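> take this sequence and fold it.
(one chain, ligands or ions: 1)
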Amino acid sequence: MSKFQLTTDFKNAPYWWDAAPLTEVAGGALAPSYDVAVVGSGYTGLRAALTLARAGRSVAVFDKERPGYGASRRNAGFLGRTLKKSYIDLKAAKGAAFAAAIYRDLMTAYESTLAFIEEEGIDCHAVRCGRLIAATSAAHYALLDRELSGMKADLGLPYAMLPRERLREEMASDLYDGGAVIPDLGSLHPGLYHRGLMERALAAGVAIFGNCEVMAIEQIGQQGDRFRVTTAAGPTRAQDVIVATNGYTPKSLPWHARRLIPFVGYMAATEPLTPTLLQKQLPHRRTVIDSNLDIDFFRPAPDSPRLLFGGATANGLEDPVAIASLLHGRLRRALPDLADVKLSHVWTGQCAGTFDMMPHIGCHDGVWYGMGYNFAGVPMGSFFGLKIAQKILGLTDGVTAFERDAFPTLPLYRGNPWFLPLAMRWFAWQDSKLAKSTSLPVIPSGAGRRAA
Ligand SMILES: Cc1cc2nc3c(=O)[nH]c(=O)nc-3n(C[C@H](O)[C@H](O)[C@H](O)COP(=O)(O)OP(=O)(O)OC[C@H]3O[C@@H](n4cnc5c(N)ncnc54)[C@H](O)[C@@H]3O)c2cc1C
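This is a model prediction of the structure:
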């Protein structure tokens, strides 16, 4: 019988919205034209809009829902220099120079996001708390060591392996076969980060239109107002258009939808715990992910004594009680001390995978885009937003290694990921195959495996 219980004030909404609730924002009267129209009000869209407005451009941001409704106020707030694809696989497949260039940009995305938050004085609990990657088997532990030692040798990225007998220094769990600590990775409160970004965009003169869907983007010329943008508030024109819709990309943007694999991420928050109980679970207050392809993840809330966690990605559940039950099972399996705690919040959010497991930035038919973050859009969305703005401003700083490869799709794919349940089963099979193996996969393994 399931042991889980919900609090009496249980919310089927992101924990982050308690501190950073969504607000109605109306951008005033729609102007006949803007220098730049942005579709989507998450980190990607707002970071681009803020940079452009501060450079003197007139900018309108449109969101179909209230601003921040997307993943930017729903995520776990882990800040990494992370790819779903492993560094060693990337290096084997594309060469050392390309892999190094990609990782340089990942590091810049991470560092520049933290620097931006500090320079802007955005109070969002951004810290370099470090991350524990918990190994789900001895073979996962060995693979983790190989991946991280490769990254340390080539890129100088720090890490320390933690054998099984020392795991309890980091986490009140006996589930894992040790792990690795990446000491310099960070975390933040995603809702407060997004709110801070939005306040600065509004102060810079960006017109943000909430509850205002963009229905169509048509190119009407080669110069000046090149695009007609049809919105729920009426038509307008723009010289440049940015699509920043990631996991919420609609089918009305078929070129982008064909390249994205939308999937649902699941999270929950516990009721407030006693300080002693919380401290025992994650004594160093680090973020935690496990080493599986389909990860479970844990962190302390930055602003209350709760544990936040997630996993069971793309499981297909929609009923909040069923989701709570599933997630609570994951929680008590990893952290048995919490077997009887109640859950106060459960929520979901839309993410976007890609067929090459890489995020993509570029321009298609004159329309700019940044998307496909594969669960790592806090730094990468912020970074791509900045890069797109720099490109529109004609700055050479806008160049990134991520634009080298074409944005792939598959024949006949139209944006309906019918194969997701099969893909998740394939991930689980890969994880268990690795767990049972006595030798490490030969490089390249083909199965990208997130490391840090
Ligand atoms: C549960 C969960 C946990 C996650 N954890 C992490 C993490 O710990 N670290 C990390 O780095 N990343 C994480 N991510 C991923 C990260 O949150 C996203 O990659 C990132 O927020 C994407 O930002 P964005 O601005 O591109 O898109 P979003 O913030 O998703 O915004 C897209 C917006 O586009 C709008 N939109 C869509 N269609 C239209 C239209 N036609 N007209 C107008 N507006 C439209 C939507 O309403 C939405 O608000 C997580 C995601 C989820 C769901």
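> in which helix or strand does residue 388 reside?
Following DSSP states H and E, one finds residue 388 within helix 377-392.
> how about the strands in the stretch 151-300 of the chain?
For the stretch 151-300 of the chain, the strands defined by DSSP state E, counting those that start in this stretch occupy 160-162, 179-182, 186-187, 207-209, 214-219, 227-231, 234-243, 260-270, 287-290, 297-300.
> now tabulate the ones you listed in a markdown table and tack on mean neighbour count and mean pLDDT.
To be clear about C-beta, it is placed using only N, CA and C from the backbone, and glycine gets the same treatment. Written out in a markdown table, the entries for the strands of the stretch 151-300 of the chain read as follows (neighbours: other Cβ atoms under 10 Å; pLDDT from 0 to 100):
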| stretch | mean neighbour count | mean pLDDT |
| --- | --- | --- |
| strand 160-162 | 17 | 98 |
| strand 179-182 | 23 | 98 |
| strand 186-187 | 25 | 98 |
| strand 207-209 | 24 | 97 |
| strand 214-219 | 16 | 97 |
| strand 227-231 | 20 | 98 |
| strand 234-243 | 21 | 98 |
| strand 260-270 | 22 | 97 |
| strand 287-290 | 24 | 97 |
| strand 297-300 | 23 | 98 |
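> what helices or strands is the helix holding residue 388 leaning on?
For helix 377-392, the packing partners by 3 or more Cβ pairs under 8 Å, 6 or more residues apart in numbering; DSSP states H and E come out as helix 43-54, strand 78-79, helix 96-120, strand 234-243, strand 360-364, strand 367-371.
> any idea which of the ones you listed is most buried?
Burial of the helices and strands packed on helix 377-392 is given as mean neighbour count (mean count of other Cβ atoms under 10 Å); helix 43-54 ranks first at a mean of 28.
> and it, how far from the chain's centre?
When distances are taken as Cα atoms, centre = their mean, to the nearest Å, helix 43-54 is centred 18 Å away from the chain's centroid.
> same deal with stretch 159-173?
The answer for stretch 159-173 is 26 Å, by Cα atoms, centre = their mean.
> got the contact list for it?
Stretch 159-173 is contacted from outside by 132, 134, 141, 144-145, 148-149, 151-152, 174, 176-183, 280-284, 286, 288, 298, 334-337, 452, using Cβ atoms under 8 Å, 6 or more residues apart in numbering.
> mind giving me the PyMOL command for buried ones among the residues you listed?
The buried residues among the contacts of stretch 159-173 can be selected in PyMOL (16 or more other Cβ atoms under 10 Å) with this line:
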select buried, resi 132+134+141+144+145+148+151+176+177+178+179+180+181+182+280+281+282+286+288+298+334+335+452
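> thinking again about what came up before, which parts of whichever helix or strand comes after the helix holding residue 388 are buried?
Helices and strands here follow DSSP H and E; after helix 377-392, the next one along the chain is helix 420-436. Taking 16+ other Cβ under 10 Å as the basis for neighbour counts, the residues of helix 420-436 that come out buried are 420, 423-424, 427, 430-431, 434-435.
> in CSV: these, plus distance to the ligand.
Putting the buried residues of helix 420-436 into CSV (distance: Cβ to the nearest ligand atom, whole Å) gives the following:
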residue, distance to the ligand
420, 14
423, 17
424, 15
427, 17
430, 21
431, 19
434, 23
435, 24
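> need those in TSV with distance to residue 87 and pLDDT, can you?
TSV is the format used below for the buried residues of helix 420-436 (distance: Cβ to Cβ, whole Å; pLDDT from 0 to 100):
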residue	distance to residue 87	pLDDT
420	26	92
423	22	91
424	24	91
427	19	91
430	18	91
431	19	90
434	17	89
435	21	90
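> closest one to residue 360 among the strands of the stretch 151-300 of the chain?
Distance to residue 360, taken as Cβ to Cβ, is lowest for strand 260-270 among these, at 9.2 Å.
> report the inter-axis angle for the closest one versus helix 420-436.
Compare the direction of strand 260-270 with that of helix 420-436 by axes from the mean of the first three to the mean of the last three Cα atoms, to 10 degrees and you get 70 degrees.
> neighbours of the closest residue to residue 360 other than its chain neighbours, how many?
On the basis of Cβ to Cβ, 6 or more residues apart in numbering, the spatially nearest residue to residue 360 that is not a chain neighbour turns out to be residue 407, at 4.3 Å. Residues lying near residue 407 (other Cβ atoms under 10 Å) number 22.
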